[in-house]
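**Student:** Fold the following and give me the result.
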Amino acid sequence: MAFTDLHAKARRHLWPHCTEMSRVKDGSLPVIVRGEGCTVEDEQGRRFLDGLAGLFCVQIGYSHGAEIGRAAAAQLEELPYYPNWSYAHPRAIELAAEVADLAPEGLERVFFVSGGADAVETAWKLACQYHQERGERRWKV
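**Tutor:** Next up is the predicted model:
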């Protein structure tokens, strides 16, 4: 396999997750350049089924880039980011209402976090607070 400029840069600078480094060194590491639906394509035109959904981040597939781009651009122009720390903003309120509509009855509040570790830590803190509010064993976090 001939080294491309990207392969050369990867060989020098990239340490990919869960990958044999020999694939980086010999240039056989696929360089993914586009995606459509549930497949991705490398720089040589080979197509792969993306069974990990971009490592669990693109469950909707890769065919919605333009739509997501327009929505993201509109949001970035309105308000790029703001935490729900003693404040609220329209998109967080609207999304919370949509998620609550999908949740089982009795689950109508949404607490947004940025990822899995935050979700686990928050769930733990909420569980501790729940038991404390009920006068049960005091948990230390």
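**Student:** alpha carbons only for contacts and neighbour counts from here, please
**Tutor:** Fine.
**Student:** Show me where the protein dips below the pLDDT cut-off.
**Tutor:** 1-3, 54, 56, 138-141 (pLDDT under 70).
**Student:** Please enumerate the strands of it.
**Tutor:** With DSSP state E, the ranges of strands along the chain come out as 32-36, 39-42, 47-49.
**Student:** Which of these sits closest to Gln75?
**Tutor:** Proximity to Gln75, assessed across the strands of the chain by C-alpha to C-alpha, is greatest for strand 32-36 (23.6 Å).
**Student:** packing partners for the closest one?
**Tutor:** strand 39-42 (3 or more C-alpha pairs under 8 Å, 6 or more residues apart in numbering; DSSP states H and E).
**Student:** Would you mark the buried spots in the strand it packs on?
**Tutor:** By neighbour count with 16 or more other C-alpha atoms under 10 Å, strand 39-42 contains the buried residues 39-41.
**Student:** so who does the residue nearest to Ala10 when sequence neighbours are not counted touch?
**Tutor:** Spatial nearest neighbour of Ala10, chain neighbours left out: Val24 (6.7 Å); criterion: C-alpha to C-alpha, 6 or more residues apart in numbering. Val24 sits next to 7, 10-11 when contact means C-alpha atoms under 8 Å, 6 or more residues apart in numbering.
**Student:** Which of those residues fall within helices?
**Tutor:** Counted as lying in helices by DSSP state H, out of these, are 7, 10-11.
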